[in-house]
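Q: Got a predicted structure here, sequence first:
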Amino acid sequence: MNSFLYQIKLWWLSLDRWIVFSIILLMIIGIFLILSSSSIYANRLDISENYLIKRHLIILPICIFIMIILTNLSVEKIVIFSFIIFSVSLVLSIIPNFVSYEIKGASRWISIYGFSIQPSEFLKPTFVIVTATLLTRFQKKKDNSLKINVFLLSLIGSVLFFQPDFGMFLLILLTWFAQLILFGVSKKIIFLLLFLSLIIIILAYVTLDHVKFRIDNYLQPATGDNYQIHKSIDSFTNGGFFGQGLGAGEVSRFLPDVYSDFILSLAAEELGLICVLIVIILYTFIFYRSIYHSTRKNDIFYFLSISGLAIIFILQTMINICSTLNLIPTKGMTLPFLSYGGSSLISCAILIGFILSLSKIKYEKV
Amino acid sequence: MNKSRRIKYDNIIPKTFSFDSKFIDFTDDKKLIQNSQVSEVLNLGKKRLSIFSYLIFILMALLIVKSFKYSTKNYLLIKLSENKDNLMRGMILDRNNNVISGSIPVKDLYLEPNKILDNVNFIDQVRLIFPDIKIEKINNIIKSGKYRLLKKHLSKTEEVKILKLGEPALKFQESQKRIYPQNNLFSQVTGFVSKYGVPKSKLEKSQNQNLEKGQNIYLTLDAKLQNIFYEELKSGMEKFNARAAAAIMMDVNTGEIITMLSLPDYNPNFPNKIKPFSENNLITSARYEMGSTLKTFNVAMALQGNISIKNQFFDVSKPYKLSKNYLVHDVVKLSNQANLNDIFVNSSNIGSIKIFDEIGHIKQKEFFSKLKLDKNLQIEGLKIIRNRLPEKWNQLSGRSLSFGYGASLTPISLVSTYALLVNGGYYVQPKILKNLENKKKRIFSETLSKEIRDLLHDVVINGSGKKAYVNGIDIGGKTGTARKTNNKNYGDKVITSFVGVFPITKPKYIIFILLDEPQNLNSENLYGGNTAAPIFSRILKRIAIDIKIYPKKQLKKELKITKKKSLYNETF
């Protein structure tokens, strides 16, 4: 047999095909939704009707390519890769703090060759690997690794605090917290950290105006404009079980961020409850597959990194769905593989690439 | 033991991040950080991970339940409306009993599939009458075999067509439809009712209990005046290309709100087409840093504390250094010998600070709470957001407050405070529902009120509010221009406003006009005096006859003309 084809076959068998198929299914649903929202967006902003879907279709192959590359790397290279990406994107996400370039009141984006990039998105998957590496090292050698990890976290915190991107920081903090709990720290420290994060939330409420606005808006719905949320829930109601049909949505088209933050309302209205259920079940399934892989190898690094990646993935999804359903204040967080947005898509691709790569099953020659 | 514990904590959270510090290799007796045995760590981790995954499973299940609930809401609602006896929903009427919001009886069309006579042509025949009903929808109902809603709110012609068809499977059911004959005019006050009869916002929602019982609600608003306001405000907003605009008119003695208007607005007859940000009533649910209009409060405070301040002179010729890099300038340069009257009439920022310095921030805080600006204004039927006053009330924030910065007020609370100052010192509770009692309470003396009225009158005669002048009517007013904040810096965008009180000798009404980000003129020329004040003047000219405030000399002549028909009905 041709050795190259044989290698491809080995590579394919080594992957978790369940996760791969789930991701592909999500991407297909995403393409349909972006296709529908791209005409809405075009009407609103007076640009070419295919603008969104074109960009989306350019980025998806890049995502798949990134995932293929990552699955071919060894564990050591994954660690080195994530350290490099982590430090580069940390440096890059400091830049928007100085160069003012705002979208919706937050300076998170930097512009390179006409593409606006949100570098802080890439912190998400890489920091999980960085944390897992450092914690594992600490477990073996009892050296400064834990200090360095805390230092890096506070660095991220201060960078994201000034952008301001409180949602992203909360996500990273929660995941780090989860990893630390999985690392086996005692309950005393868990309570100490809970207390600290409570202080951070209160601090954010007091100092950051937009966080305060959103929380106030959530607690007293009568006062502010809960326009988005009303429409979001109405679109669920209007969709019913099987939806109005692709492109036939009436309520969700008036939502401001229908192509990113509120894409699930679009799905609910146009493709119906059935599509929402499929999407939620797919995300949950990916999570449980990853959890299974994390416990399969009896190694702390694999355990911490895969479970951390799975947790950050499911947390992001849950935060998005919860804010669509008006269970928590709106956060400005995308839905993995469904929402439009280059940085977030590529970041999700890196995340799933890591999971697939770390959960590889090694096949010997048969 | 204590010592060793301290060392452990130091190790976890080091005070300084110097990496060359000595590391203390602790023996983790209490397993505070973690166990050194890999297998034990993993076992504990797995146990905790399983707890996590159960939690996440429960949360995901909750999300599914929640979305299931929202998605099936429609099906439930239809069932509910079938059971309800068909009591007509009450109307909302204005002060002259014009209908603002009312219900008309209509019929809904239902389909009972097992009674269909002509199975072959049924769908085509129905689609001939209602081309917008999808084939799939009819097919689904036929398949289910159940009695289901086919079309809400039939028109008369549709009803006749259905009757002509003579299909026993199609059945009518009594229903009602909410209509708003004034279209956009009261959208911010009434809110709207959804297609299925669920009240969605504002009065329709807050007064739902009474409306559902069939009781009418009478408002203090006046549709005719509201329309004049609407026309003039809209043309003013288009002229200055403003982002938003708002206007309110109130009776200063009874607190009745006579017009209340906020642009952009929407048509409550078509709830599906509501655009973002048009749903908010800017009068009650927006806060603005008002700028110069707050100087009246500053002067009132000075006069209340010390009446002899009127004869004092202030040096306002040089810019005032408010903070390290912020100089306060004046638009109209005054000499170094300016009295309180000059300062107020020419709207001097420096002068306001100088007057404030005589009083101090402690008394200012007391005065603002006397004006009830620190409390949440409660009006039955309206939801009003809280004013934002300085959090740290010190000399510096007091100085900025003296010329109108550092505090954001809702337009309605500004207007009710002005009413308190000019009506002889009575606090009147504003109201929008007609049948509420008047609450009156004296807060200031008549003499203070007289002083304020004279000052406001002077502003329109000699000062920044000249363009608000209407021949024959004595007007008092104050202009306001405030720069908008953008990320804690004050940019070029402005909010301009005008408060007018008339007749100033014995005040009866107060009008407030606000323009958000007016443009089109040179940026130097954008003040309340030349954007909001002319709108006020035009409105007052048109409404003077209706509210029976006549120019002094022409009193008798005008009385005869009052019977002339208004343009009101032609506008829509």
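A: Received, thanks.
Q: Could you look up the SS state of residue 356?
A: You didn't pick a chain, so chain A it is. Recorded secondary structure, A:Leu356: helix (DSSP: H, G, I helix; E, B strand; the rest coil).
Q: ok now do it, which residues does it touch?
A: By CB atoms under 8 Å, 6 or more residues apart in numbering or on different chains, the contact set of A:Leu356 is A:15-16, A:19-20, A:67, A:70-71. Every C-beta, even on glycine, is put in place using the N, C-alpha and C of the backbone.
Q: So in chain A, where's the weakest helix or strand by average pLDDT?
A: strand A:110-112 (a mean of 61; mean pLDDT, DSSP states H and E).
Q: Which of the contacts of A:Leu356 fall within strands?
A: Judged by DSSP state E, these include no members of strands.
Q: Make JSON lines out of those residues and add distance to chain B, neighbour count and pLDDT.
A: Below are the contacts of A:Leu356 laid out as JSON lines (distance: CB to the nearest CB, whole Å; neighbours: other CB atoms under 10 Å in any protein chain shown; pLDDT from 0 to 100):
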{"residue": "A:Leu15", "distance to chain B": "22", "neighbour count": "17", "pLDDT": "88"}
{"residue": "A:Asp16", "distance to chain B": "17", "neighbour count": "19", "pLDDT": "88"}
{"residue": "A:Ile19", "distance to chain B": "16", "neighbour count": "20", "pLDDT": "93"}
{"residue": "A:Val20", "distance to chain B": "21", "neighbour count": "15", "pLDDT": "93"}
{"residue": "A:Met67", "distance to chain B": "24", "neighbour count": "23", "pLDDT": "93"}
{"residue": "A:Leu70", "distance to chain B": "23", "neighbour count": "23", "pLDDT": "92"}
{"residue": "A:Thr71", "distance to chain B": "24", "neighbour count": "23", "pLDDT": "91"}
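Q: Please flag which of those residues sit within helices.
A: Among these, the members falling in helices (DSSP state H) are A:19-20, A:67, A:70-71.
Q: Could you tell me how many residues sit around residue 50?
A: Since you didn't name a chain, this refers to chain A. Residues lying near A:Asn50 (other CB atoms under 10 Å in any protein chain shown) number 14.
Q: actually chain B
A: 12.
Q: That one: helix or strand, and which one exactly?
A: Assessed by DSSP states H and E, B:Ser50 sits inside helix B:38-71.
Q: can you check B:Tyr218 too?
A: Using DSSP H and E, B:Tyr218 falls in strand B:217-218.
Q: wait, does stretch A:263-276 contact chain B?
A: Yes. With CB under 8 Å from any CB of the partner chain as the measure, stretch A:263-276 is seen reaching chain B through A:268, A:272-273, A:276.
Q: Between the two ends of that stretch, how far is it?
A: Terminal residues of stretch A:263-276 are spaced 10 Å apart (CA to CA, to the nearest Å).
Q: what do you get for stretch B:124-139?
A: First-to-last residue span, stretch B:124-139, CA to CA: 12 Å.
Q: For the residue lying closest to A:Phe303 once chain neighbours are set aside, report the pLDDT, please.
A: Nearest residue to A:Phe303, sequence neighbours excluded (CB to CB, 6 or more residues apart in numbering or on different chains): A:Ser294, at 5.2 Å. pLDDT recorded at A:Ser294 is 89.
Q: Quickly find the element holding B:Thr481.
A: Assessed by DSSP H and E, B:Thr481 sits inside strand B:476-486.
Q: Mind listing the strands that strand pairs with, and their directions?
A: strand B:489-502 (antiparallel) (DSSP bridges).
Q: per-residue confidence at B:Lys84?
A: 50.
Q: same deal with A:Asn43?
A: For A:Asn43, the predicted pLDDT is 64.
Q: B:Tyr75 now?
A: With respect to pLDDT, B:Tyr75 scores 64.
Q: Determine the set of other helices and strands touching the helix holding B:Ser50.
A: When contacts are defined as 3 or more CB pairs under 8 Å, 6 or more residues apart in numbering or on different chains; DSSP states H and E, helix B:38-71 sits against helix A:166-182, helix A:227-239, helix A:263-270, helix A:272-296, helix A:300-324.
Q: and it, which residues are buried?
A: Within helix B:38-71, the residues that count as buried by 16 or more other CB atoms under 10 Å in any protein chain shown are B:41-42, B:44-46, B:48-49, B:52-53, B:56, B:59-60, B:63-64, B:66-67, B:70-71.
Q: what mean pLDDT does that helix have?
A: Here the average pLDDT along helix B:38-71 is 87.
Q: What segments of the stretch 51-200 of chain A are helices?
A: Using DSSP state H, counting those that start in this stretch, the helices found in the stretch 51-200 of chain A span residues A:51-71, A:75-98, A:120-141, A:145-162, A:166-182, A:187-207.
Q: The longest one versus helix A:145-162: what angle between them?
A: Computed with axes from the mean of the first three to the mean of the last three CA atoms, to 10 degrees, the direction of helix A:75-98 lies at 30 degrees from that of helix A:145-162.
Q: For A:Leu338, report the pLDDT, please.
A: At A:Leu338, the model reports a pLDDT of 91.
Q: Model confidence score at B:Ala407, please.
A: Per-residue pLDDT puts B:Ala407 at 88.
Q: typed the wrong thing, it's B:Lys557
A: B:Lys557 is given a pLDDT of 56.
Q: How about A:Leu33?
A: Looking at A:Leu33, the pLDDT reads 90.
Q: Could you report the distance from it to A:Gly341?
A: 13 Å (CB to CB, to the nearest Å).
Q: Out of those two, name the residue with the larger neighbour count.
A: The neighbour count for A:Leu33 versus A:Gly341, taken as other CB under 10 Å, is higher for A:Leu33 (27 against 20).
Q: Close to chain A: what parts of the stretch 451-572 of chain B are there?
A: Residues of the stretch 451-572 of chain B found near chain A (CB under 8 Å from any CB): none.
Q: where in the stretch 451-572 of chain B is pLDDT low?
A: Where the stretch 451-572 of chain B drops to pLDDT under 70, the residues are B:486-488, B:521-524, B:551-572.
Q: Mind doing that once more with 50?
A: The stretch 451-572 of chain B contains residues with pLDDT under 50 at B:563-572.
Q: ok so, going back, between the residues of stretch A:263-276 next to chain B, which sits nearest B:Tyr326?
A: B:Tyr326 lies nearest to A:Ala268 out of the residues of stretch A:263-276 next to chain B, by CB to CB, at 50.3 Å.
Q: where's the closest one relative to A:Cys322, distance?
A: 14 Å.
Q: What of A:Leu266?
A: A:Leu266 sits at a distance of 17 Å from A:Cys322 (criterion: CB to CB).
Q: These two: which is more packed in?
A: A side-by-side neighbour count of A:Leu266 and A:Cys322, using other CB under 10 Å, places A:Leu266 first with 30 against 19.
Q: How confident was the prediction at the more buried one?
A: We have a pLDDT of 89 for A:Leu266.
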